[in-house]
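Asker: here are the coordinates; sequence isn't available:
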């Protein structure tokens, strides 16, 4: 590992207080204490006084970095390092001789800005109980605030609204921490309230950019601070816990992960170790504050699809697990490797967020401070690959036609070129549909097929939505599954076509989605049971996801079919479905209660202990 200094930003920190025997380190001293894999370097981008206490970052279309700074985490104004705390958003304006000037974009927030996005000349941000949007002028200054969403009651700092993400579907995503409030709600500007779940719960929402169309994607979490979609429509998140487990979740959309929403779930339930519980991976102690899927051009091709999470660390000081962690999923979405990938010997290193910069390198903000301490320090680092085999250098297959360059760019590992291609093609409307249809079906890289589908969704015309069916012809199961997922979500014309064409697909994940593409509950239930019996039950994630879908439609007769299967995994899926029916409640609740009561005395092939667990769901439902 070597360090490249920007030189002009380095300065003495002698004006800052010292902790006995452990002085604060200047940025150039700290930089020499990073450890990263061979071929990677850590470079200083900015440090105090240009940036202090960076809680979040955003980057605009021109590569300008915006930073949300905290003056009041976690102890409010009394713990602030400045006399008048304002929790500003600043932008870093490059100076002619190198380095940056700090320009305040907007300030005056009681609580720190935790979520930040800049698109065009508009900026969205969250500050505890508010989701706001601002217009930006030519000088980067924010105009009047427009509040899009607000909590019905402010949460404890900072357990309100958190991270903002732009989804591949072109919509806005928002996470919320559990806010120590019963029946937590989010209120649209129109006055409508959307109850997101019983009890205290953290959640992830989807909405339009003006705050309308609010939809809950997942709930039952503590602090889903870090989350992101992969290109194939799979949501992943890291949910932090103090007194609750840290959980890495491959999300089953619509599921309740039962943190503060289920009466006294056991530790093995919350950590995914119970046979009936949603599958999750328990992580080491700390607080993961960002999750980034790497599909950029700087890192090697072998690292495409890797996930990176930054761990702020645990309360109580020290450097327990302060690191950038690398998660390596296989093609089936199973995490095959997780390890600290970047560490720093300076224990004050506290990474807070990651962004993929325009060149494909990783930008990493660093609070740089003692635990729970606001001070006047903060750094932004760049993690860059220096090898000759960066992914952007990989050649693309040529695509013929007037839109050939843009269609080919859907497959590039350069994320900026890929996004620009999607925007350009979406702007052409139906004229771009033939080329996108061909890429959805035949793109050599699955990445290109997936992005062709997302572009068709963004066009959104009947012709474009019908063309989503072409994704069902792609050789990669992830693209076929995405085509089905989008068709079901949009109730698109492609739905019926794909349901028929892919009902017997060789991949179980595709068969589950094809089952959901059926048009009535009876047909969906029959197809879901068939998918479980033909391989979906062997995969734990698919088993649980499919069982939840069965629970929303099936009756006691359908559950009996699962209970009497010769396959133990299929029987387990039946018990998961029964548990969901009893706990969540449905029109079939009474009949399923009677069925489980009967099976307690005559379990047949079912596991007696698990039948007893399911029976308790009938009495453990949270009021």
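Answerer: Noted; the coordinates are in hand. Just so it is clear, the model here is predicted, and its values are computed rather than measured. Numbering: from 1, shown residues only.
Asker: Now do the domain split for the chain, please.
Answerer: Structural domains annotated on the chain: 3-385, 520-623, as defined by automatic domain parsing.
Asker: hey, least reliable of these by pLDDT?
Answerer: Mean pLDDT is lowest for domain 3-385 among the domains of the chain, at a mean of 85.
Asker: if we can go back for a sec, could you export the domains of the chain as TSV, including mean neighbour count?
Answerer: Just so you know, the C-beta spots here come from the backbone N, C-alpha and C atoms, and that holds for glycine as well. Shown next, in TSV, are the domains of the chain (neighbours: other Cβ atoms under 10 Å):
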stretch	mean neighbour count
domain 3-385	19
domain 520-623	19
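Asker: what's the closest of the ones you listed to residue 477?
Answerer: Of all these, domain 3-385 sits nearest to residue 477, with 8.4 Å by Cβ to Cβ.
Asker: quick one, phi psi at residue 563?
Answerer: With angles defined as degrees, to the nearest 10, residue 563 sits at phi -60, psi -30.
Asker: Isn't residue 407 up against residue 401?
Answerer: Yes - with contact defined as Cβ atoms under 8 Å, residue 407 reaches residue 401; the gap is 7.3 Å.
Asker: and for these two, which residues touch both?
Answerer: residue 435 (Cβ atoms under 8 Å, 6 or more residues apart in numbering).
Asker: Compare neighbour counts for those two and give me the winner.
Answerer: More crowded of residue 407 and residue 401, by other Cβ atoms under 10 Å: residue 407, with 26 against 11.
Asker: So the more buried one: helix, strand or coil?
Answerer: Assigned state for residue 407: helix (three-state reduction, DSSP: H, G, I helix; E, B strand; the rest coil).
Asker: quick one, what contacts it?
Answerer: By Cβ under 8 Å, 6+ apart, the contact list for residue 407 reads 399, 401, 421, 425, 435-436, 438-439, 448, 452.
Asker: hmm, try it at 6 Å
Answerer: With contact set as Cβ atoms under 6 Å, 6 or more residues apart in numbering, residue 407 has these partners: 399, 435, 439.
Asker: quick one: the first one is in a strand?
Answerer: No - according to three-state DSSP, residue 399 belongs to no strand; its state is coil.
Asker: Tell me how many other residues surround it.
Answerer: Counted by other Cβ under 10 Å, the residues lying close to residue 399 total 21.
Asker: Excluding chain neighbours, what is closest to the spatially most central residue of the chain?
Answerer: The structure's the chain has its C-alpha centroid closest to residue 227; by Cα atoms, centre = their mean the separation is 1.9 Å. Leaving aside its sequence neighbours, residue 227 sits nearest to residue 237 (Cβ to Cβ, 6 or more residues apart in numbering; 3.5 Å).
Asker: how about the one you found, secondary structure?
Answerer: Under three-state DSSP, residue 237 comes out as strand.
Asker: same deal with residue 617?
Answerer: Here residue 617 is recorded as helix under three-state DSSP.
Asker: I'd say it and residue 582 touch.
Answerer: Yes - with contact defined as Cβ atoms under 6 Å, residue 617 and residue 582 form a contacting pair (4.0 Å).
Asker: which residue sits closest to residue 384, ignoring its sequence neighbours?
Answerer: Spatially, and ignoring its direct neighbours in sequence, residue 384 is nearest to residue 361 (4.1 Å; Cβ to Cβ, 6+ apart).
Asker: give the contact list for that neighbour.
Answerer: The neighbours of residue 361, taking Cβ under 6 Å, 6+ apart as the test, are 298, 382, 384.
Asker: Recalculate using a threshold of 7 Å.
Answerer: Contact analysis of residue 361 by Cβ atoms under 7 Å, 6 or more residues apart in numbering lists 298, 382-384.
Asker: and which of those is nearest residue 568?
Answerer: Among the contacts of residue 361, residue 383 lies closest to residue 568 (Cβ to Cβ), at 45.3 Å.
Asker: Could you find the closest non-adjacent residue to that closest one?
Answerer: Closest residue in space to residue 383, ignoring its immediate chain neighbours: residue 362 at 4.2 Å, by Cβ to Cβ, 6+ apart.
Asker: okay, now residue 516: neighbour count?
Answerer: Neighbours of residue 516 using other Cβ under 10 Å come to 22.
Asker: Help me confirm that residue 529 is found in a helix?
Answerer: Yes - using three-state DSSP, the assignment for residue 529 is a helix.
Asker: which residues sit against the top helix by length along the chain?
Answerer: Longest helix of the chain, by residue count under DSSP state H: helix 568-584. If you take Cβ under 7 Å, 6+ apart as the criterion, helix 568-584 is touched by 262, 275-276, 532-533, 537-538, 543-544, 546-548, 550-551, 554, 559, 562-563, 565, 588-589, 592-593, 596, 605-606, 610, 614, 617-618, 621.
Asker: Just checking, which helix or strand succeeds it along the chain?
Answerer: Downstream of helix 568-584, the next assigned helix or strand under DSSP states H and E is helix 589-601.
Asker: from the middle of its chain, how far away would that next one be?
Answerer: Put simply, helix 589-601 sits 38 Å off its chain's centre (Cα atoms, centre = their mean, to the nearest Å).
Asker: Next, the distance between the ends of stretch 534-545.
Answerer: 15 Å (Cα to Cα, to the nearest Å).
Asker: Check stretch 330-339 too.
Answerer: Per Cα to Cα, the first residue of stretch 330-339 is 15 Å away from its last.
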